[in-house]
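K.L.:
Just the structure for this:
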Amino acid sequence: MTNPSIQMGQGPLSGARWLHCLVLGLLLAAGLMAVPTDGQAKEDYSFVGIKDASQVPKFVASLQKALAADDKNAVAGMVSYPLMVSIGGEDLEIADKAAFVSQYDRILTKEIKQNILAQPLNDIFVNKQGVMVGSDGKVWALPDGKALRIAVIRD
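P.N.:
So this is what the prediction gives:
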């Protein structure tokens, strides 16, 4: 014989309410299992070749620091060569670090620099094209070996 207080439609948890509680409990359990133990978001960027998610904000922070200091050599060291840039409707191939440094002010306009410097480190867009640095899609970085490097600059 069944306990009448546990039958559907009777007692403290009736019909739809019981189902609602069950679904809510399952959602809460799934959410708790998805939270990393250290409290940090663990993005998966393996689809673009980035194995360590922390590499993305570290790269952007290093680029921002180099740009803020106007350290042309440091920024040039964060580029994948040869680099194709589009400036004022003209496409240029930057062969190496020396060429980048000599064209630095032409390549990294004030607007591009400001956009990169304004990039929040906790909100970086990544898709199959790479890491968008800044909010306007003018600068993209891709994995180059074990490091991220600037692969696209266009004004």
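K.L.:
ranges for the strands of the chain?
P.N.:
79-87, 90-94, 125-127, 130-132, 139-144, 147-154 (DSSP state E).
K.L.:
Pick the most deeply packed of those.
P.N.:
strand 130-132 (a mean of 22; mean count of other Cβ atoms under 10 Å). For the C-beta atoms, the positions are set from N, CA and C on the backbone; glycine is no exception.
K.L.:
ok now that one, how far from the chain's centre?
P.N.:
The chain centre lies 7 Å from the centre of strand 130-132; the measure is Cα atoms, centre = their mean, to the nearest Å.
K.L.:
what comes into contact with it?
P.N.:
Strand 130-132 is contacted by residues 48, 50, 56, 59-60, 124-126, 139-142, 148, 151-152 when judged by Cβ atoms under 8 Å, 6 or more residues apart in numbering.
K.L.:
Lowest-scoring secondary structure element of this protein by mean pLDDT?
P.N.:
Within the chain, confidence by mean pLDDT, DSSP states H and E is lowest for helix 15-34 among all helices and strands, at a mean of 43.
K.L.:
Save the strands of the chain as JSON lines, and put in mean pLDDT and distance to Val101 too.
P.N.:
Listed next are those as JSON lines, based on pLDDT from 0 to 100; distance: least, Cβ to Cβ, whole Å:
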{"stretch": "strand 79-87", "mean pLDDT": "95", "distance to Val101": "10"}
{"stretch": "strand 90-94", "mean pLDDT": "94", "distance to Val101": "10"}
{"stretch": "strand 125-127", "mean pLDDT": "93", "distance to Val101": "28"}
{"stretch": "strand 130-132", "mean pLDDT": "95", "distance to Val101": "23"}
{"stretch": "strand 139-144", "mean pLDDT": "95", "distance to Val101": "17"}
{"stretch": "strand 147-154", "mean pLDDT": "95", "distance to Val101": "14"}
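K.L.:
Now tabulate the ones you listed in JSON lines and tack on distance to Asp71.
P.N.:
Below are these laid out as JSON lines (distance: least, Cβ to Cβ, whole Å):
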{"stretch": "strand 79-87", "distance to Asp71": "13"}
{"stretch": "strand 90-94", "distance to Asp71": "17"}
{"stretch": "strand 125-127", "distance to Asp71": "25"}
{"stretch": "strand 130-132", "distance to Asp71": "20"}
{"stretch": "strand 139-144", "distance to Asp71": "16"}
{"stretch": "strand 147-154", "distance to Asp71": "14"}
